[in-house]
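J.: this is a predicted model, with the sequence first.
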Amino acid sequence: MTYATVYAAWKADPEGWWMEQAKAIDWDAFPTSARSDDGTTWFPDGMTNTCHNAVDRHVAAGHGDRVAIIYDSPVTGTKAKITYAELQDRCARLAGALKARGIESGDRVVIYMPMVPEALVAMLACTRIGAIHSVVFGGFASAELATRIDDARPKAVIAGSCGVEPTRVVPYKPLLDGAIGRAAHKPDFCVILQRPELRADLTPGRDVDWHEALAGAEPADCVSVRGDHPCYILYTSGTTGQPKGVVRPTGGHLVALYWTMKNIYNVDPGEVFWAASDVGWVVGHSYICYAPLIHGNTTIVFEGKPVGTPDASTFWRVIAEHDVKSFFTAPTAFRAIRKEDPEAAQMKGHDILGLRALYLAGERADPDTILWARRVMGKPVYDHWWQTETGWTIAGNPVGIEALPVKIGSPTLPMPGYEVHILDENGAEMPEGELGSIAIRLPLPPGTLPTLWGNDERYRKAYLDRFPGYYNTGDAGMMDEDGYLWIMARTDDVINVAGHRLSTGLMEEVLATHPLVAECAVVGISDPVKGQLPMGFVTLQKGAETTDEQIRAELVALVREKIGPVAAFKLATVVERLPKTRSGKILRKTMAQIADGEHVKAPATIDDPAILDEIGARVQLLGYPKKGT
């Protein structure tokens, strides 16, 4: 089988093809139809259970002694292994504790946890009894947690007492108490995991200790739910400030994620797969918790950072120590490692020969980072592209089917289920090599969102109305003569300079080639003459010796050489750090707002709000914001 034959087989009979893939999942009743009558949900009348497919079926198949979860926490000095049989017992007991307190199928449970194995246990325990979980990134501010509580209306909250960062311990319980105090909706009870680093004061009558709850619980069996039953709600930021609750139906989620583990990530059951993310983000849902366990792999729960826990060697150590076969992280992690250790000297002593490949996603992977990672690791590096809304790869390199030629800067080709088009502002197809909006012809495949929680109208406005018959990804890019997709920017990041539509992503690629640049971002700012102008922000490699004026001149010359004067790139500055979300995405829109003099509220997802002050100061040195813009 080749990629071309697999993709052609899907396209010839989409419903039949996905029904065939569904046979890899355990069903209490196999679906009689591939899609719902309205076409939005897959395997609607099938009966199954997520926790059974991720845990119990492996134990029943004789793999109870196989390690399901490796916990590696350099910030606490803790390491542990949990077998599938142990995971089954913990999930059943927590599910029983929830059930005893009135949680039933369809009830919502908010999970507010650090990166510990209990976070996965909480997610799976909810699915075991048909409860719909909503994980909120541990340490999120009270106001943001409150909005999610009011939207999901959970009957319970499961939380940790604290999170542990490289330089501090973050108390979660005061944030949770503040959120419940703010929220109009009040949960019936909270289960609190007390961590030794900081124990919390429990609220009498509402809070119950995790270990006490499990110790007295009657283990609960798996409850069969329909294929269209929501497995979880995951909130992603919305343009209105009100978060959007992405809904993930059970049946399609199971089928799609199982398919990806071998076909995209090229791992077999029993092998170790590591996604260096957090369960608060979609990568954590799909590729720390669900996909590896559904497929029978060993997954790693890593509580640490790519640098600073203790240094830039930590990723190499984890890969070598746990014999990781396939590794998935964001490009920003490798930029951080490269900045601290440009020659990867700290890889010495860590044998990563067993690693097959590195997979990058979450943001645009600049060619310079890919080339560096490939050089120091001696391994293939595969960029792939997907979104919170899709839950799995839109475009990637299906290495388990066929390793396709890599074109650095492209996530390769669309996966089965996705028919990708590049459209102009009127919805017409763009020619090869020309920039446009990336849209996917409906219906979307299994595992993707059918709607937003409690808000079908907002779902249509956000994703469907712009291009009738298509899902609007919100990303801009182009398709080349080989059908390879090139993701250039968010649609908002395509700027119009004197009538020319230009990709800020392309400019970032050019800036990243400068030998002193560790990381960069280009944003579009308002200009009274040209409409918009690009403004560049760069961080420098450790030990780099240059002046702001010198590096600016070199960067301007570089863009002029590679793109041309049409880019009108004249504004650039050095910053200590770029503002990012906790998942590593650069907050370009916020930076542009600062440059334009708009009132900026620090986004709830920002890693360190203090960085915005430096951005503001640097922008002022460049003479912005300008009056009248």
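T.: Arrived safely. Computed from a predicted structure; not experimentally measured.
J.: what residue ranges in the protein score low on pLDDT?
T.: With pLDDT under 70 as the threshold, the chain has low-confidence stretches at 238-241, 491-492, 498-499, 501, 627-629.
J.: hey, which helix is longest across it?
T.: For the chain, the longest helix by residue count, based on DSSP state H, is helix 84-100.
J.: what's next to the helix or strand following that one, contact-wise?
T.: With elements assigned by DSSP states H and E, the helix or strand that comes after helix 84-100 is strand 108-112. Counting contacts by C-beta atoms under 8 Å, 6 or more residues apart in numbering, the residues outside strand 108-112 that touch it are 98, 103, 119, 122-123, 126, 131-136, 138, 140, 145, 148-149, 152-160, 172, 176, 187, 233, 279. The C-beta positions use only the backbone N, C-alpha and C, and glycine is treated the same way.
J.: okay, the closest residue to residue 346 other than its chain neighbours and residue 567: tell me how far apart.
T.: Distances taken as C-beta to C-beta, 6 or more residues apart in numbering put residue 313 closest to residue 346, at 3.7 Å, once the chain neighbours are dropped. From residue 313 over to residue 567 the distance is 38 Å, taken as C-beta to C-beta, to the nearest Å.
J.: against residue 409, how distant is residue 383?
T.: Looking at residue 383 against residue 409, where the rule is C-beta to C-beta, the gap reads 8 Å.
J.: now do the shared contacts for those two.
T.: Listed as contacting both residue 383 and residue 409 by C-beta under 8 Å, 6+ apart are 365, 370.
J.: which of these two has more neighbours?
T.: More neighbours sit around residue 383 than around the other of residue 383 and residue 409, counting by other C-beta atoms under 10 Å; the figures are 26 against 18.
J.: tell me who's in contact with the more buried one.
T.: Residue 383 makes contact with 359-361, 365, 370, 408-412, according to C-beta under 8 Å, 6+ apart.
J.: okay, now the closest residue to it other than its chain neighbours: neighbour count?
T.: What sits nearest to residue 383 in space, not counting adjacent residues and going by C-beta to C-beta, 6+ apart, is residue 365, at 4.2 Å. Counted with other C-beta under 10 Å, the neighbours of residue 365 add up to 28.
J.: three-state assignment of residue 365?
T.: Using DSSP: H, G, I helix; E, B strand; the rest coil as the criterion, the local structure at residue 365 reads coil.
J.: pretty sure it contacts residue 331?
T.: Yes: with contact defined as C-beta atoms under 8 Å, residue 365 and residue 331 form a contacting pair (4.4 Å).
J.: got the contacts of residue 383 as a markdown table, with secondary structure columns?
T.: Converted to a markdown table, the contacts of residue 383 look like this (three-state DSSP):
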| residue | secondary structure |
| --- | --- |
| 359 | strand |
| 360 | strand |
| 361 | coil |
| 365 | coil |
| 370 | helix |
| 408 | coil |
| 409 | coil |
| 410 | coil |
| 411 | coil |
| 412 | strand |
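J.: by neighbour count, which of those residues wins?
T.: In terms of neighbour count, residue 365 stands highest of the contacts of residue 383 at 28 neighbours, by other C-beta under 10 Å.
J.: where's that residue relative to residue 604, distance?
T.: Residue 365 sits 26 Å away from residue 604, going by C-beta to C-beta.
J.: can you check residue 253 too?
T.: Taking C-beta to C-beta as the criterion, residue 253 is separated from residue 604 by 26 Å.
J.: in a helix, residue 174, correct?
T.: Yes: assessed with three-state DSSP, residue 174 lies in a helix.
J.: show me the domain layout of this protein.
T.: According to the domain assignment given by automatic domain parsing, the chain is divided into the following structural domains: 3-304+384-476, 498-621.
J.: please identify which of those is closest to residue 485.
T.: Taking C-beta to C-beta, domain 3-304+384-476 is the member of those nearest to residue 485, at 4.6 Å.
J.: now that closest one, how far from the chain's geometric center?
T.: Between the mean C-alpha location of domain 3-304+384-476 and the chain-wide mean there is a distance of 10 Å, by C-alpha atoms, centre = their mean, to the nearest Å.
J.: and residue 600, what helix or strand is that in?
T.: Under the criterion DSSP H and E, no helix or strand holds residue 600.
J.: show the contacting residues for it.
T.: Each residue near residue 600 by C-beta under 8 Å, 6+ apart is listed here: 590, 593-594, 612.
J.: report the separation between residue 131 and residue 361.
T.: 29 Å.
J.: that should have said residue 2, apologies.
T.: Taken as C-beta to C-beta, the span from residue 2 to residue 361 is 23 Å.
J.: and residue 189, by the same measure?
T.: With distances taken as C-beta to C-beta, residue 189 is found 37 Å from residue 361.
J.: show me where the stretch 351-500 of the chain has its strands.
T.: With DSSP state E, counting those that start in this stretch as the criterion, the stretch 351-500 of the chain has strands at 357-360, 381-383, 395-396, 413-414, 420-423, 436-441, 470-479, 485-490, 494-497, 500-503.
J.: and the ones you listed as TSV, adding distance to residue 107?
T.: Formatted as TSV, the entries for the strands of the stretch 351-500 of the chain read as follows, by distance: least, C-beta to C-beta, whole Å:
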stretch	distance to residue 107
strand 357-360	35
strand 381-383	39
strand 395-396	35
strand 413-414	37
strand 420-423	37
strand 436-441	32
strand 470-479	30
strand 485-490	35
strand 494-497	43
strand 500-503	45
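J.: so which of those strands is nearest residue 76?
T.: For those, distance to residue 76 was read as C-beta to C-beta. The smallest value, 26.2 Å, belongs to strand 357-360.
J.: strands paired with the closest one, and their directions?
T.: Next to strand 357-360 in the sheet, as set by DSSP bridges, lie strand 324-329 (parallel), strand 381-383 (parallel).
J.: can you show me the CA trace of that strand as PDB?
T.: These are the backbone C-alpha positions of strand 357-360, laid out as PDB (Å, rounded to 0.1, in the frame of the first residue of the first chain):
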ATOM      1  CA  ALA A 357      11.600  10.300  14.200                       C
ATOM      2  CA  LEU A 358      10.700  13.700  15.600                       C
ATOM      3  CA  TYR A 359       7.200  15.100  14.900                       C
ATOM      4  CA  LEU A 360       6.600  18.900  15.100                       C
END
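J.: can you count the residues close to the nearest residue to residue 358 once chain neighbours are set aside?
T.: With C-beta to C-beta, 6+ apart as the measure, residue 381 is the residue that lies nearest to residue 358, at 4.8 Å, once sequence neighbours are left out. When neighbours are counted by other C-beta under 10 Å, residue 381 registers 22.
J.: what do you get for residue 395?
T.: Taking other C-beta under 10 Å as the neighbour definition, residue 395 ends up with a count of 23.
J.: just to check, it is in contact with residue 412?
T.: Yes: using C-beta under 8 Å, residue 395 and residue 412 qualify as a contacting pair, with a distance of 6.1 Å.
J.: so what's in contact with the two at the same time?
T.: 384, 485.
J.: list the contacts for residue 251?
T.: Residues counted as contacts of residue 251 (C-beta under 8 Å, 6+ apart) are 22, 25, 31, 41-44, 46, 48, 226-228, 446.
J.: any idea how far the nearest residue to it once chain neighbours are set aside is from residue 479?
T.: Excluding its sequence neighbours, the residue lying closest to residue 251 (C-beta to C-beta, 6+ apart) is residue 227, at 2.6 Å. Applying C-beta to C-beta, the value for residue 227 to residue 479 is 33 Å.
J.: more neighbours: which of the two?
T.: residue 227 (29 against 23).
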